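Asker: Sharing a model prediction with you, sequence too.
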Amino acid sequence: MERILIIEDEEKIARFVELELTHEGYQVEKAMDGRDGLEKIKTRPFDLILLDVMLPGINGVEVLRRIRQTSEVPVILLTARDSVVDKVTGLDAGADDYVTKPFAIEELLARVRMTLRKTKSVRNTMLTAGQCQLDIILRTCSVNGVDIELTKKEFDLLQALIENKNRILSREVLLEKIWGYEFDGTTNAIDVYIRHLRQKIEEPFNLRLITAIRGIGYVIKDE
Ligand code: CA
């Protein structure tokens, strides 16, 4: 069940949106101001945040900036009608979308669905193992935020290991996944590629990601 946090000081609006979202099957929490909202975000993960711009104390855009210092959670801003400034500064500060008040609840629900769908499809293209991140669409790899150049085979090998995290993949299985059936060399080829991978993604960072299972193959374990 997807979890949504509403940060909105107008009790009536917050309550109404909460009811509608709950009815749609979301798990909803409310915060009355920015401080309360930031506190809640710190203690548990949310899939989406609805954030009012006009809040007492810390305003919504500032709340958003603080959220963005630590989190990429999607945020939809609730802005006053015709406030172009709010929209622009909001989007600049990292909002994913905005809805202007007063809004039709159908529009808000549609934007919530759309934003959740978008982040889900982005998330599925990213594979993570510890400090290592692969984007399987762009075929890029980074470790500790540093971009690493991998050859096609190295990338395929790493992707296979991360996709099967915690499962030991034998050399034969890896060969088949990466070279296909036509490969007629020895399974030592895998060891060579693992060594290349280690030189690129482990040694420079003093990390151990790939574990060798003697006589069988390799595994990437969740820490
Ligand atoms: Ca308000």
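Answerer: Received, thanks.
Asker: Only C-alpha atoms from now on, for both contacts and neighbour counts.
Answerer: OK.
Asker: can you pull the pLDDT of the single nearest residue of the chain relative to the ion?
Answerer: Of all residues in the chain, M54 sits closest to the ion, at 4.2 Å by Cα to the ion. For M54, the model assigns a pLDDT of 92.
Asker: Off-centre distance for the biggest helix by length in the chain?
Answerer: Longest helix of the chain, by residue count under DSSP state H: helix 105-124. Chain-centre distance of helix 105-124: 14 Å, with Cα atoms, centre = their mean, to the nearest Å.
Asker: check contacts around L38.
Answerer: L38 sits next to 63, 66-67 when contact means Cα atoms under 8 Å, 6 or more residues apart in numbering.
Asker: and these, which of them are in helices?
Answerer: 63, 66-67.
Asker: Mind giving me the ChimeraX select for these, buried ones only?
Answerer: A single ChimeraX command selects the buried members of the ones in helices among the contacts of L38 (16 or more other Cα atoms under 10 Å):
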select :63,67
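Asker: what's across from L127 in the sheet?
Answerer: Listed beta-bridge partners, L127: L134 (assigned using DSSP bridges).
Asker: Assess the claim that it and D135 are in contact.
Answerer: Yes: here L127 reaches D135: they are 6.4 Å apart, a contact under Cα atoms under 8 Å.
Asker: Contact partners for the residue of the chain closest to the ion?
Answerer: 60, 79-80.
Asker: In this protein, what residue spans correspond to strands?
Answerer: Ranges of strands within the chain are 3-7, 27-31, 48-52, 75-80, 97-101, 126-129, 132-135, 140-143, 146-148, 169-170, 210-213, 217-220, based on DSSP state E.
Asker: Can you get me the centre-to-centre distance for the fourth one and its chain?
Answerer: Relative to the chain's own centre, strand 75-80 is displaced by 21 Å; criterion: Cα atoms, centre = their mean.
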